[in-house]
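Asks: With the sequence up front, the predicted model follows.
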Amino acid sequence: MTAKPFIGISGSHMVDGGGQFPGYHRSYVNHDYVRSVTEAGGIPLIIPFNEEDDVVEALMDRVDGLLLSGGHDVYPLLYGEEPCRQIGAVWPERDHFDMLLLKRAEARKIPVVGICRGLQIINVAHGGTLYQDLSKDPNSFVKHSQNQDPATATHTIEIDPQSRLASLLGRTEWVTNSHHHQTVHEVGQGLLVTARAKDGTVESLQGTGDSYLMAYQFHPEMMSIHSEPARNLFVDFVKEAEVRHGNR
C-alpha cells in the first residue's frame, strides 16, 4: 500500500481580541484546508509562520506537496506599486515566508496549489501584478466578496476546455464561491489563465512547466464539504503528491 503523502499548509497567525490573553498571537490555518486534504487522502501538516529561513527550508524538505492558504493582502511594493486607499491589511514578513515556501517547493519540483491569497502570491512571485482592489479593474462588475455562508457558490466561471481544471471538473462552466477583493492584473511568467469570471477576473492559473502548479482565486476547500467537483481538485493534488512521496 502506498503511504499517504505529507501536504504542507502555509500557516498564518491570529491575535486574540479578548479573553485571558488579549493581544496573544496564535499560529493557525482555517480547518477547511486540513479537512479537505485529509478527506482527499493526504496527511496535512501546518507549516507555522516564522522568520527563520533555514527553519522554513528544513520544514519544506519534509513534505510532498505545498498548499498556499489565504489571508492578508499582498504587499504592493513587491510588484512595484504604492498602496492604494482601498488596500486591506498587509504583512510583508508573511509574503516573504510564503514566497520562500513556494521557491523551495518549485526547486524540489513537488506539487503546489495556491488558494485566494495563495494564487496571488504565486502570480507576484512569477513577476506578475495585482489589482489592489476590484475598484481598480475597469471591467469588474461581479460581486467577488460574498457576505454569506462561505461554501455557497455565487458566481459563474468560464474554464479553458483544454485545461487540467476543465478535465477535473468535467465541465467548462461552473459556479463558485468568492471571498476576495484583490485580483490578478498582469499574469506572471510561466503561468496560464485557465478560468475567468464573467467580468474577466482571473479565477484559476496553471503552471506551464513540468511540475504540478494549480491556483484558484475561489475557495474549493470551503466548497468541498458538499461539492464533489471541489473535492476532485484536492484528490488530484494529493495523488500528485503521492507520486512524489513514492519517489523519496
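Replies: On my side now, so go ahead. Residues are numbered from 1 along each chain as shown.
Asks: just checking, what packs against the host helix or strand of A58?
Replies: Secondary structure assigned from DSSP states H and E places A58 in helix 53-60. Using 3 or more Cβ pairs under 8 Å, 6 or more residues apart in numbering; DSSP states H and E, the elements in contact with helix 53-60 are strand 43-47, helix 92-108. Every residue, glycine included, has its C-beta placed from N, CA and C.
Asks: which outside residues touch it?
Replies: Defining contact as Cβ atoms under 8 Å, 6 or more residues apart in numbering, one finds that helix 53-60 is touched by 8, 47, 50, 66, 97, 100-101, 104-105, 108.
Asks: still on that earlier bit, any chance of the helices and strands packed on helix 53-60 in TSV, plus mean pLDDT?
Replies: Listed next are those as TSV, based on pLDDT from 0 to 100:
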stretch	mean pLDDT
strand 43-47	97
helix 92-108	98
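Asks: Among the ones you listed, which comes closest to Q86?
Replies: Q86 lies closest to helix 92-108 among the helices and strands packed on helix 53-60, at 18.4 Å (Cβ to Cβ).
Asks: hmm, who's touching the closest one?
Replies: Counting by Cβ under 8 Å, 6+ apart, the neighbours of helix 92-108 from elsewhere in the structure are 8, 10, 12, 47, 49-51, 53, 56-57, 60-61, 65-66, 68, 71-72, 74-75, 77-78, 112, 114, 117-118, 121-122, 124-125, 211, 213.
Asks: Show me what whichever helix or strand comes after that helix pairs with in its sheet, parallel or antiparallel.
Replies: Sequence-wise, the next helix or strand beyond helix 92-108 is strand 112-115, with elements assigned using DSSP H and E. The pairing partners recorded for strand 112-115 under DSSP bridges are strand 65-68 (parallel), strand 213-216 (parallel).
Asks: what about the very next helix or strand once past strand 112-115, distance to the chain center?
Replies: Scanning forward in sequence from strand 112-115, with DSSP H and E defining helices and strands, the next element found is helix 117-125. Computed by Cα atoms, centre = their mean, to the nearest Å, the chain-centroid distance of helix 117-125 equals 7 Å.
Asks: what helices or strands is helix 117-125 leaning on?
Replies: The helices and strands touching helix 117-125, judged by 3+ Cβ pairs under 8 Å, 6+ apart, are strand 65-68, helix 92-108, strand 112-115, strand 130-131, strand 183-184, strand 202-207, strand 213-216.
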